[in-house]
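K.L.:
got a sequence here, can you model it:
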Amino acid sequence: MGQPLEWGRRYLMVRPDHFRIDYVINPYMSTQDQPDPELTLKQWDSLRQAIVDAGGEVEVLAQRPDSPDMVYAMNLGLATADGRAMLSHMRFEPRRKESPTAADWFTGHGFTLARPGSDGVGPHFESGDAFVFGDSLVVGYGPRTDAEALKHLATEWGVRVRGLRITHEGMYHLDLPFCPVDSTHAMIYPLAFDAASQGELFGIVPDPIVLTDEEAFAFSGNSIVVNETIIMPACSPRLHDILTGLGLRVVVLDLTEFHKAGGSARCLTNPLDFNLTPTTTPGGELILPACTAGGRPSRRASGSGRRLSGGAGGALSRPLSFLFEFTRFRTMGRWVIHRSLGRAIS
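P.N.:
Residues are numbered from 1 along each chain as shown. This next block holds a predicted model:
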């Protein structure tokens, strides 16, 4: 049995005073299906209280009136227990308005701020794609985060970064198909990733809890662990048995108003206490899934990923653009999630 997570006891949340759907940037959103303001606030309060009841701390940041998605605080920036923060560089312009407010909050609370890019210049990085797990900072890339941003994280902070390429339109951030539970267990949805990344994923997680399509698209993977409590938006009887068998208390909350814009418990909460000590390595190290010479993912087994270690100044031996293709997903229009197949279809 794994040990309790070393992070997840202190969170930043954004009160949903201006939460609405003004645009469509993921498969769940529709401007024709607006959240109910009163119910939204009630559900948000239930999540904040559940964290406190589990022994966690919650900091609250006021929402900007011009930033309806700011309530998904997980994407404001990646924060560490030793007072560092990597500000997100949002892929979509409407969300970039959140960054100045987030930067002010982080610096005002004693965090040393860094950023991979800003205002559309430089690689995109969204912190909902990053988790500390095992000996690495695990980072998803593709829909929202650029592979080049992983190099920046590794060299800027001198840490080991393991990348996973996300290819599923409905799993656009890592916090949807990957949920650390303890030091060896994580809920995972392998179909969110390309073949090479699936192999790496099973190498990263010693004791995977593989989600079904129904569990994944009920946002079960977008849960949070606070001490011995796991707070979830949905929990099947199968998952309940597994999680309680690991000694966790399961708390299920109704967060469906937030599902309308594609997020749940994890998206609404930003951990402020990631411990980078186990991931530290001189100069930084970046490990991406193995690819063939043509840039397409190979099907080699886990542990075979290409390792790009920082040399002098943390420089990488080869430019990422020659090794890995970037993915751009369609962002406008309406997708429907086909739950039985686990795919986004038009």
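
K.L.:
so who does the residue nearest to residue 4 when sequence neighbours are not counted touch?
P.N.:
Excluding the flanking residues, the one nearest residue 4 by C-beta to C-beta, 6 or more residues apart in numbering is residue 182, at 5.9 Å. Just so you know, the C-beta spots here come from the backbone N, C-alpha and C atoms, and that holds for glycine as well. By C-beta atoms under 8 Å, 6 or more residues apart in numbering, the contact set of residue 182 is 1-5, 225, 246.

K.L.:
between these, which is nearest residue 85?
P.N.:
Proximity of the contacts of residue 182 to residue 85 (C-beta to C-beta) peaks at residue 5, which lies at 19.4 Å.

K.L.:
in contact with the closest one, which residues?
P.N.:
Counting by C-beta under 8 Å, 6+ apart, residue 5 has contacts 180-183, 225.

K.L.:
tally of neighbours for the residue nearest to residue 134 when sequence neighbours are not counted?
P.N.:
The spatial neighbour of residue 134 that comes closest, neighbours along the chain excluded (C-beta to C-beta, 6+ apart), is residue 204 at 6.5 Å. For residue 204, the neighbour count with other C-beta atoms under 10 Å is 23.

K.L.:
over to residue 76?
P.N.:
27.

K.L.:
can you check the one 3 residues further on too?
P.N.:
By the measure other C-beta under 10 Å, the count of residues near residue 79 is 24.

K.L.:
quick one, helices of the protein?
P.N.:
Taking DSSP state H to define them, one finds helices in the chain at 37-53, 98-108, 147-157, 195-204, 213-216, 237-245, 256-259.

K.L.:
could I get these as JSON lines with mean pLDDT and distance to residue 60?
P.N.:
Below are the helices of the chain laid out as JSON lines (pLDDT from 0 to 100; distance: least, C-beta to C-beta, whole Å):
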{"stretch": "helix 37-53", "mean pLDDT": "98", "distance to residue 60": "8"}
{"stretch": "helix 98-108", "mean pLDDT": "98", "distance to residue 60": "10"}
{"stretch": "helix 147-157", "mean pLDDT": "97", "distance to residue 60": "27"}
{"stretch": "helix 195-204", "mean pLDDT": "97", "distance to residue 60": "33"}
{"stretch": "helix 213-216", "mean pLDDT": "98", "distance to residue 60": "29"}
{"stretch": "helix 237-245", "mean pLDDT": "98", "distance to residue 60": "28"}
{"stretch": "helix 256-259", "mean pLDDT": "98", "distance to residue 60": "16"}
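
K.L.:
and the ones you listed: which comes nearest residue 28?
P.N.:
Using C-beta to C-beta, those put helix 256-259 closest to residue 28, at 6.5 Å.
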